[in-house]
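# just need the structure, nothing else, for what follows:
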Amino acid sequence: MNEIYWITRLDCIHDLSVGVFVIATVLLFIASIVYLVNYHSQEERENGLNEWDKEEWQYALLAMKFLKPTAITMIVTALLITFVPTKKDALLIWGVGGTIDYVKSNPTIGKLPDKVVTALDKWIDSFNDEDKSDE
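Down below sits the predicted model:
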């Protein structure tokens, strides 16, 4: 039962990862724009096209502080999204994987397809025999 509980929690982990990834993407986009706009302003100041404004450069530095942690967060959540299965996938892996292990370890099941084909053949032959007797 413990496994089934954790399998049901996988959807929550996956959904949380998607949400954090979306938020990190938006933050990265905003921080990049703020940095680029303010960096461009700094280049204009150096060329004498704009007067010195200390606050603008501070925004660029603040944006730089957000870029690295946000990028790392995006990478980690992208890995979680990729490698943490959803509940449906996990139940399929757990159920089918156990069944395949059982089939591989049981020698009787290997003979089953031949027996099924033989039984179906006999069953179909019984219909043919009934049709011949009716004529």
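# hang on, isn't K87 packed against I7?
Yes: between K87 and I7 there is a contact under Cβ atoms under 8 Å: 5.9 Å. To be clear about C-beta, it is placed using only N, CA and C from the backbone, and glycine gets the same treatment.
# neighbour-wise, which of those two wins?
In this view K87 and I7 are compared by other Cβ atoms under 10 Å, and I7 has more residues nearby, 19 against 16.
# which helix or strand contains the residue lying closest to that one once chain neighbours are set aside?
Excluding the flanking residues, the one nearest I7 by Cβ to Cβ, 6 or more residues apart in numbering is A90, at 4.4 Å. Following DSSP states H and E, one finds A90 within helix 87-105.
# so what does that helix touch, helix or strand wise?
Secondary-structure packing of helix 87-105 (3 or more Cβ pairs under 8 Å, 6 or more residues apart in numbering; DSSP states H and E): helix 2-46.
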